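Undergrad: give me the fold of what follows.
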Amino acid sequence: MDLNHPSQPADRPAQHSGAGDGSERATWLVAGDFLLTINPVDGSEIVPCPPGRRPLAPRRAAAASAGHAEPGPPLLDREEQRARLRSLLASGRSVRLTGPSGAGRSALLAAVAEDCATLAPDGVVRLSGHRRTPRDLLHELYAAVHHVDNYRPGPTELTAALREVGAVVVLDDVEFGGAALDELLNATPECAFLLAQRPEAPAPGASSGVADEPVAGIGAEAGRRLLALAVARELTAAEVEWADELGRAGGGLPRHFVQAGAVLRYRALDGTGPLPPVDALVTTLAASISEGARELLRIGLALGGELPDPAALPALTGDAEAATAHTELDDCGLLTRVGRRRRLAPDATAAFEGSELAAEGAARTAALTRHFSWWLAESGTPVDEVVAQADVVLAALRAAQQASLHTEVTELVRRTAPLLAAGLRWGAWERALRTGQEAARATGAVAQEAYFHHELGVLAICEGQLARARVELEASTALRGVLSDAGGAVAGRRALTLVDDLTRAPAPPPAHTPPFGAQAAVTQQPPPEVNGPETPVGLRAPEPPGATELTLTIRGRSPEESGATLRRMFTRGNRRNAVATGAGALLAAVLGTVVALGLTSGDPDDDKENVTRDDPATSEEDAPAVEETEPEESATEEREEPTEDPATEEETTPEPTEDPTTEQPPAPDPTTADPTPSESGGSDDGADGGADGGGGGGGDTDPPTEDPDDPPTEDPDPPTEDPDDPPTEDPDPPTEDPEDPPTEGDDGGPDASPSAGEPSPTASSSLGASATVR
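TA: Purely as a prediction, here's the structure:
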C-alpha cells in the first residue's frame, strides 16, 4: 500500500457495523437533564446526566449582540417611520411590521436595529423566522445571549433564563402568528420585539400589546432618486417618466426600482431598446444576465428558491466564478435577504416557474442530492457549515422526495441528521428524520426505518413527550428485533428503560423517626364510636355455683373527653397502650382469684353456718336462673367500647336490677352480713335459708360431708331466660334436721347466724374484695 496515496473510502475497513452513513463521529452533548451521545451508526444513546457534567452558561457581553449593517440600497423616505419605531421600542412596546415582499421590510429592520443598539442591557439580537418554530426561536435567543457549546437547556431552565434576558429582538420573516406568536412574546417579558411579517400572516392576540406598523411603498420622488443611484447618473426625461409609471403600477415597491436600474445598466451595454413594464422586469433581466447567473437560477428553482452559500457554489457548479454570479443576481434585485443568506425573490420564482430554466428539474435535483451526500461524507466538514446550510439541505430533501428519489433521500438524511443534532438545530433535525422515515418506508428499507424511529424517540424524550417517545422506541426495537440487530436493539431497550423510569410515579419519602423531644405529627382521623353501652372486660375466675360474681366494667365518657383521650393515646404510642392493657388484664385476674379463694377458704367445723343450703324446691340447674340473669342483663345494658387509657379506667360494679313482678322475702342472708350490689349471685339463697332456719325451730338438716377444697373448673351455664311467674309459696323445709340445731327462737339466734355486729369471714372477704375493686 502506498502511504503517499491513501486508499479510497470504499477500501477502508469499517469501524462500525450497520448501514454505512459516511459519518462515524460520535458527539456528546447535554440536553436538559440528559447526557446525549449522537451515534450515527446504531442510534443516539440517552442517559440521565451525571453530576458535574452539566456545563456552565455564562452571560455574553451586550456588545456581542449588537446589530450590524449590511450592504444594500439606501433607505429612502423612511425617516419618520424609523424614528417612530425607535420610540416604541424604547418604551418597551413590541412592533409588528407588515408589508408585501419587496417593500423594504428587511432594510428597515436593519436601520432600526442600528438605532436601538444601546437601548437594552443585552443589546440587539437579530434572528430569522424563516422555517422556524417558536421553540426554535426561543433556543436561538438563548444561544445568542449565553455560551451554549454542546449544551441545550431543558424546558424549565430555558423558561427561567429567558425571563431574565433584556434585549431588542429583531425578527425577520416570521411565518407564524396568533397563539404561537403570543407564546413567544410571553416567554420573554423583558424583551421588545421588532417583527416583520407578510400581510397574510396571522396577527397576535389583542392582549399581547403589539403595535402594528404597515410598510408601504415609497413616493415618486424617492423612486426616481433610487433609480438614479442604481445607474449612477442622472435620469433622462423618458427614464423619469418610466420611473413614475413603475411607481404607479407597482405600488412604489423599492425592489422594482432596483430591478429597473439593472435593466438600464444592461440596456446601456446592449444598446437601446424599449423599456419594459413592471411585470416584465424579471424576464427581461433573465435574458440579460450571464450564463453563470442563469445556472444559479436553475439551482434555485430546483431547490424551491433556496440558494447555497456563495463559498459552496464553486464545488456545486464546477465554476470558479460562481460567487461572482451570486453577487450579480443580488445586484439585479432577483434575490432577497433571509437572515444572513440570500434566496430567490418570490416574484422571480413565480416568473420563472414553468420556463426553460425550470426544465430538467428531476435530474438537477438528483445531482444536487448526490452532491450534498458527498459533501457531508467528507470527514473534515465542520458542524457549523452544515448548520449554516441546513435550510438548503432540507430543501434538497423535499425536492428529492417530490421527485420520488427515496434512496437518495434516505442516504442524505443518514448523513445530515447526526450533524444537525450536534449543531443544536433540532427543528431541522426533526424535519429531516421524518422525511427520511417516509422515504425508508416507501422503499422498504427496514434498517433505515428502525434508525429513524429510534432517533425520533430520543428527540421526544429530550422534549418531554414521553408517550410519543415510547411509541417510536417500541417500533424501532421491534424492527431491529426482526433484523437481529443486537447493537441497535440494546440502544432501543436502554432508551425504553429510561422512559419507564421517567413515567413511573415518584416514590414516597422514606419514613423516619422524629428527633428526640420533637412533637410527633398526628394524622387527624375521625374518632370511633365511644358512646355505646358498657362492655365488661377482664378475666372471670372460675366460681362455684352460688358464689359471688364480680364484674369489671369500663364506662364511656362524653365525646369531648373521649376525643382528648384518643389524642393522648395516639401520642403515647402503641407500645405503652399494650403494656397498660396487659396490666389491666392481670389486675382483673388477680382480683378474681382473690375473691374466689376468699369464698372457698375457712374451717368447716367452726363456720358451719357459712355453708349455703340448697333449696329443695329448685333443681340444681334451675337454681341460679333468676340470680344470674340480673348481672347478665346489667352487663348487656352497660356494654361500651373501651376508649380510655387503661391507667384512667373506672372500675365499678353494676347496680342490681330487680324484677317488679317477683316478691323477695325480707329476711337477711345468713351467709353475709351486708350484701353489696355486686354480690347478686347469692343474695336470694341466703334469704331463703335464713327464713327456713328461724321458722322451723330446729328442723333437721344434713351437714355437708366435706368442705370443697378446689373451686369448680367450669362456670355454670348462663341462664336462658327469666322466670315468667314468681313463686307462690315458700319452698318446703329440708327433710332432715341439722346436727346442731339453733338454740334460739324464730329469728334464728346467734347460733343460726352471725350477730349483726360481727360479720362472718366470708362476708368480710367479700367486702374486702368489693372495696378493692372500687
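Undergrad: who are the packing partners of the longest helix anywhere in the chain?
TA: In the chain, assigned by DSSP state H, the helix with the most residues is helix 574-600. When contacts are defined as 3 or more Cβ pairs under 8 Å, 6 or more residues apart in numbering; DSSP states H and E, helix 574-600 sits against helix 761-773. Where C-beta positions appear, they are placed from N, C-alpha and C, glycine not excepted.
Undergrad: please identify the helix or strand for residue 492.
TA: Using DSSP states H and E, residue 492 maps to helix 486-503.
Undergrad: just the CA coordinates of that helix, formatted as CSV?
TA: Provided in CSV are the C-alpha atoms of helix 486-503 (Å, rounded to 0.1, in the frame of the first residue of the first chain):
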residue,chain,number,x,y,z
ALA,A,486,-28.2,-6.6,18.5
GLY,A,487,-26.5,-3.2,18.9
GLY,A,488,-29.5,-1.2,17.8
ALA,A,489,-31.9,-3.3,19.9
VAL,A,490,-29.8,-2.7,23.0
ALA,A,491,-29.8,1.0,22.5
GLY,A,492,-33.6,0.9,22.0
ARG,A,493,-34.2,-1.1,25.2
ARG,A,494,-32.0,1.3,27.2
ALA,A,495,-34.0,4.3,25.9
LEU,A,496,-37.3,2.5,26.8
THR,A,497,-36.0,1.8,30.3
LEU,A,498,-35.3,5.5,30.7
VAL,A,499,-38.9,6.2,29.5
ASP,A,500,-40.2,3.7,32.1
ASP,A,501,-38.2,5.4,34.8
LEU,A,502,-39.5,8.9,33.8
THR,A,503,-43.1,7.8,33.7
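Undergrad: now do it: everything it contacts.
TA: 17-18, 39, 41-48, 450-451, 454, 457-458, 461, 466, 469-470, 473-474, 476-477, 480-481 (Cβ atoms under 8 Å, 6 or more residues apart in numbering).
Undergrad: filter the residues you listed down to the buried ones.
TA: Those of the contacts of helix 486-503 that meet the buried threshold are 18, 39, 41-46, 450-451, 454, 457-458, 461, 466, 469-470, 473, 476-477, 480, by 16 or more other Cβ atoms under 10 Å.
Undergrad: in stretch 195-212, which residues are buried?
TA: Using 16+ other Cβ under 10 Å as the test for burial, stretch 195-212 gives 195-198, 201, 204, 208, 210.
Undergrad: let me see the mean pLDDT of that stretch.
TA: The pLDDT scores in stretch 195-212 average 88.
Undergrad: could you list the residues in contact with it?
TA: By Cβ under 8 Å, 6+ apart, the list of residues contacting stretch 195-212 from outside reads 88, 93-101, 105-106, 108-109, 129, 171-179, 181-182, 185, 193.
Undergrad: at 7 Å what do you get?
TA: 88, 93-101, 105-106, 109, 171-174, 177-178, 181-182, 185 (Cβ atoms under 7 Å, 6 or more residues apart in numbering).
Undergrad: before we move on, back to that, okay, the buried residues of stretch 195-212 in CSV with secondary structure and distance to residue 340 next?
TA: As requested, those are arranged in CSV below (DSSP: H, G, I helix; E, B strand; the rest coil; distance: Cβ to Cβ, whole Å):
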residue, secondary structure, distance to residue 340
195, strand, 18
196, strand, 15
197, strand, 19
198, coil, 20
201, coil, 22
204, coil, 26
208, helix, 28
210, coil, 25
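Undergrad: and the furthest pair within those residues?
TA: Farthest pair in those (Cβ to Cβ) is 198 and 208. Separation: 18.4 Å.
Undergrad: residues touching the closest residue to residue 60 other than its chain neighbours, list them.
TA: The shortest distance from residue 60 to any non-neighbouring residue, by Cβ to Cβ, 6 or more residues apart in numbering, is to residue 145 (5.7 Å). When contacts are counted by Cβ under 7 Å, 6+ apart, residue 145 touches 59-60, 65, 122, 165, 167.
Undergrad: what is the lowest-pLDDT residue among those?
TA: residue 65 (49).
Undergrad: how does the chain divide up, domain by domain?
TA: As assigned by automatic domain parsing, the chain contains the domains 62-214, 220-358, 361-503, 536-723+737-774.
Undergrad: gap between the two ends of the second one?
TA: What it means is domain 220-358. End-to-end distance for domain 220-358, by Cα to Cα, to the nearest Å: 35 Å.
Undergrad: stretch 248-263: which residues count as buried?
TA: 250-263.
Undergrad: just the CA trace of stretch 53-61, in PDB.
TA: This file holds the C-alpha atoms of stretch 53-61, laid out as PDB (Å, rounded to 0.1, in the frame of the first residue of the first chain):
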ATOM      1  CA  ARG A  53     -21.300  17.100  33.600                       C
ATOM      2  CA  ARG A  54     -23.700  20.000  33.200                       C
ATOM      3  CA  PRO A  55     -21.700  22.900  31.700                       C
ATOM      4  CA  LEU A  56     -21.900  26.400  32.900                       C
ATOM      5  CA  ALA A  57     -23.600  29.000  30.700                       C
ATOM      6  CA  PRO A  58     -22.200  32.500  31.500                       C
ATOM      7  CA  ARG A  59     -23.900  35.600  30.000                       C
ATOM      8  CA  ARG A  60     -22.400  37.100  27.000                       C
ATOM      9  CA  ALA A  61     -21.500  40.800  26.800                       C
END
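Undergrad: please enumerate residues in contact with it?
TA: Contact with stretch 53-61 is made by 30, 35, 145-148, 150-151, as judged by Cβ under 7 Å, 6+ apart.
Undergrad: helix, strand or coil for residue 55?
TA: Following DSSP: H, G, I helix; E, B strand; the rest coil, the label given to residue 55 is coil.
Undergrad: quick one: low-confidence ranges for the chain?
TA: Within the chain, the stretches with pLDDT under 70 are 1-24, 57, 61-71, 271-272, 379, 507-577, 601-774.
Undergrad: quick one, strands of it?
TA: Using DSSP state E, the strands of the chain run over 27-31, 34-38, 45-48, 95-98, 124-128, 151-152, 168-172, 192-197, 211-214, 335-338, 341-344.
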